[in-house]
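**Q** Structural data only, the sequence is not supplied:
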């Protein structure tokens with residue numbers, strides 16, 4: 001059976017299962033649904049029939065799935081009721097055992113969250129972004145110019161990973177020759193043996209993150225004794241709210257900055273190419289009018305939704321969507337579902353590069369935890385497409401993508417492509 005026919009058959013079967021399965025059996029956190037790219041059918045059913053849904057996962061236990069745009073916005077902006085604090089479980093559905101809990105500012109409530117976030121936010125201030133733009137463009141050109149012609153290669157490795165890892169190394173002022181360590185540590189930070197048999201076990205995982213901590217501690221020690229600079233390590237070392245972090249807190253914030261700066265942009269770089277190849281009418285529109293890159297970039301980020309959900313924990317009894325949420329309950333805000341909510345976004349299930357309001361999406365979160373690097377991510381994607389369009393009239397997708405086995409990071413491990421030349 002041809003690959004695309006096989007995937008269409010899989011999609012049709014998944015749609016049927018999702019529409020007919022008893023509601024209480026639907027668990028969107030099942031990583032297999034992400035590997036197969038069928039989770040959307042289950043989220044669609046929940047949006048229609050049970051928008052605030054009590055799910056049960058054999059891995060994560062009971063949790064609420066919140067699937068409608070407005071309900072997600074409500075949870076994301078009421079942080080007095082719905083906490084993201086690491087001491088209550090943080091931002092993923094897994095409750096890490098003692099010793100594996102990583103404090104990081106995305107998994108903190110106010111005021112500590114705001115103070116630590118402030119320490120790193122100058123990295124994405126307009127002046128700094130303007131300086132980074134020339135570096136990003138020069139590197140993007142070099143990476144694209146060195147791509148093979150007339151042979152199949154892996155887009156994820158040669159373009160998405162390479163560009164985001166170069167960018168991360170720049171943000172941290174990290175030795176370029178060791179940059180692939182950043183990619184490795186990003187994967188280690190988000191892997192989970194319970195959902196992915198190929199992942200490292202908990203002790204091995206913490207040992208690898210310990211190596212990351214040791215490497216960055218060396219950089220920290222060099223920079224804390226030098227005048228403040230504009231890289232993230234220097235900002236953390238000199239920031240009033242971050243300079244006295246304990247090692248676990250430093251590790252946690254490194255994980256946040258590495259994953260935030262790597263997985264999201266990287267998976268949108270692959271997801272965008274895939275979306276355009278699956279929607280040739282939109283690709284033709286883009287070639288006819290390259291100025292549409294401006295509105296296409298946020299549409300790619302909405303369409304991909306690189307982090308499928310964020311968790312919150314109720315700190316008080318509350319009501320949401322007519323359901324009684326009890327203190328201590330876990331809540332998954334399914335950004336992926338909110339971004340497909342037809343009641344909030346016109347033609348939400350279509351990829352449209354010239355939307356009137358392309359930035360109306362939940363991929364960056366909302367409220368105090370809105371992604372600190374959102375403008376940098378958009379700039380990287382914009383430059384990539386500005387440089388790709390004139391270079392490659394055609395990029396052929398040569399097979400199905402291989403997707404990350406995770407319900408949290410919605411991404412790709414491989415995408416075979418070929419550039420005729």
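**A** Nice, I can see it. What you see is a predicted model, and the numbers here were worked out from it, not measured in a lab.

**Q** can we go C-alpha only for contacts and neighbour counts from here?
**A** OK.

**Q** In the helix or strand harbouring residue 136, which residues have enough neighbours to count as buried?
**A** According to DSSP states H and E, residue 136 maps onto helix 126-145. Of the residues in helix 126-145, 129, 132, 136, 137, 139, 140, 141, 144 count as buried by neighbour count, 16 or more other CA atoms under 10 Å.

**Q** what is the rounded mean pLDDT of that helix?
**A** Summarised as a single mean, pLDDT over helix 126-145 is 89.

**Q** now stretch 376-395
**A** On average, stretch 376-395 scores 93.

**Q** go on, stretch 61-68?
**A** For stretch 61-68, mean pLDDT is 97.

**Q** ranges for the strands of the stretch 301-421 of the chain?
**A** Assigned by DSSP state E, counting those that start in this stretch, the strands in the stretch 301-421 of the chain fall at 309-314, 318-320, 323-325, 330-334, 396-397, 402-403, 412-414, 416-418.

**Q** other SSEs contacting the longest helix belonging to the chain?
**A** Ranked by residue count and defined by DSSP state H, the top helix of the chain is helix 247-278. Judged by 3 or more CA pairs under 8 Å, 6 or more residues apart in numbering; DSSP states H and E, helix 247-278 is in contact with helix 162-172, helix 180-190, helix 202-224, helix 280-288, helix 293-304, helix 374-391, strand 396-397.

**Q** 6 Å - rerun?
**A** Counting contacts by 3 or more CA pairs under 6 Å, 6 or more residues apart in numbering; DSSP states H and E, helix 247-278 packs against helix 293-304.

**Q** what separates the helix it packs on from the chain centre, distance-wise?
**A** 14 Å (CA atoms, centre = their mean, to the nearest Å).

**Q** just for the stretch 251-400 of the chain, where's the confidence low?
**A** By pLDDT under 70, the low-scoring segments of the stretch 251-400 of the chain are 368-370, 372.

**Q** what about 90?
**A** 251-266, 310, 364-377, 393 (pLDDT under 90).

**Q** One more: the stretch 101-250 of the chain?
**A** Looking at the stretch 101-250 of the chain by pLDDT under 90, you get 101-133, 135-136, 166-172, 183-210, 228-250.

**Q** how far does stretch 365-381 sit from the chain's center?
**A** Using CA atoms, centre = their mean, the offset of stretch 365-381 from its chain centre is 10 Å.

**Q** For that stretch, which outside residues touch it?
**A** In this structure, residues lying in contact with stretch 365-381 by CA atoms under 6 Å, 6 or more residues apart in numbering are 76, 77, 265, 364.

**Q** ok, how many other residues are close to the second one?
**A** Think residue 77. 16 (other CA atoms under 10 Å).

**Q** And the closest residue to residue 286 other than its chain neighbours, how close does it get to residue 156?
**A** Closest residue to residue 286 apart from its sequence neighbours, by CA to CA, 6 or more residues apart in numbering: residue 292 at 6.0 Å. Going from residue 292 to residue 156 by CA to CA, to the nearest Å gives 24 Å.

**Q** out of those two, which sits in the busier spot?
**A** residue 156 (24 against 15).

**Q** Excluding chain neighbours, give the residue nearest to the more buried one in space.
**A** Nearest to residue 156 is residue 414, by CA to CA, 6+ apart, at 5.4 Å.

**Q** ok, that neighbour touching residue 159?
**A** No - with contacts counted by CA atoms under 6 Å, residue 414 stays clear of residue 159, the gap being 11.0 Å.

**Q** possible to save the strands of the stretch 301-421 of the chain as JSON lines with mean neighbour count and distance to residue 343?
**A** As requested, the strands of the stretch 301-421 of the chain are exported to JSON lines (neighbours: other CA atoms under 10 Å; distance: least, CA to CA, whole Å):
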{"stretch": "strand 309-314", "mean neighbour count": "26", "distance to residue 343": "19"}
{"stretch": "strand 318-320", "mean neighbour count": "13", "distance to residue 343": "17"}
{"stretch": "strand 323-325", "mean neighbour count": "15", "distance to residue 343": "20"}
{"stretch": "strand 330-334", "mean neighbour count": "28", "distance to residue 343": "15"}
{"stretch": "strand 396-397", "mean neighbour count": "16", "distance to residue 343": "33"}
{"stretch": "strand 402-403", "mean neighbour count": "18", "distance to residue 343": "29"}
{"stretch": "strand 412-414", "mean neighbour count": "19", "distance to residue 343": "29"}
{"stretch": "strand 416-418", "mean neighbour count": "19", "distance to residue 343": "36"}
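
**Q** Run through who's touching stretch 308-318.
**A** So stretch 308-318 is in contact with 81-84, 91-92, 325-336, 408, 410, going by CA under 6 Å, 6+ apart.

**Q** Burial check on the nearest residue to residue 242 once chain neighbours are set aside, number of neighbours?
**A** Nearest non-adjacent residue to residue 242, counting by CA to CA, 6+ apart: residue 236, 5.4 Å away. Using other CA under 10 Å, the number of residues around residue 236 comes to 26.

**Q** Which other helices and strands does the helix or strand containing residue 9 contact?
**A** Following DSSP H and E, one finds residue 9 within helix 3-20. The elements that helix 3-20 packs onto, with contact taken as 3+ CA pairs under 6 Å, 6+ apart, are helix 39-49.

**Q** Adding distance to residue 32, write the strands of the stretch 301-421 of the chain out as a markdown table.
**A** As requested, the strands of the stretch 301-421 of the chain are exported to a markdown table (distance: least, CA to CA, whole Å):
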| stretch | distance to residue 32 |
| --- | --- |
| strand 309-314 | 16 |
| strand 318-320 | 28 |
| strand 323-325 | 28 |
| strand 330-334 | 16 |
| strand 396-397 | 23 |
| strand 402-403 | 10 |
| strand 412-414 | 14 |
| strand 416-418 | 21 |
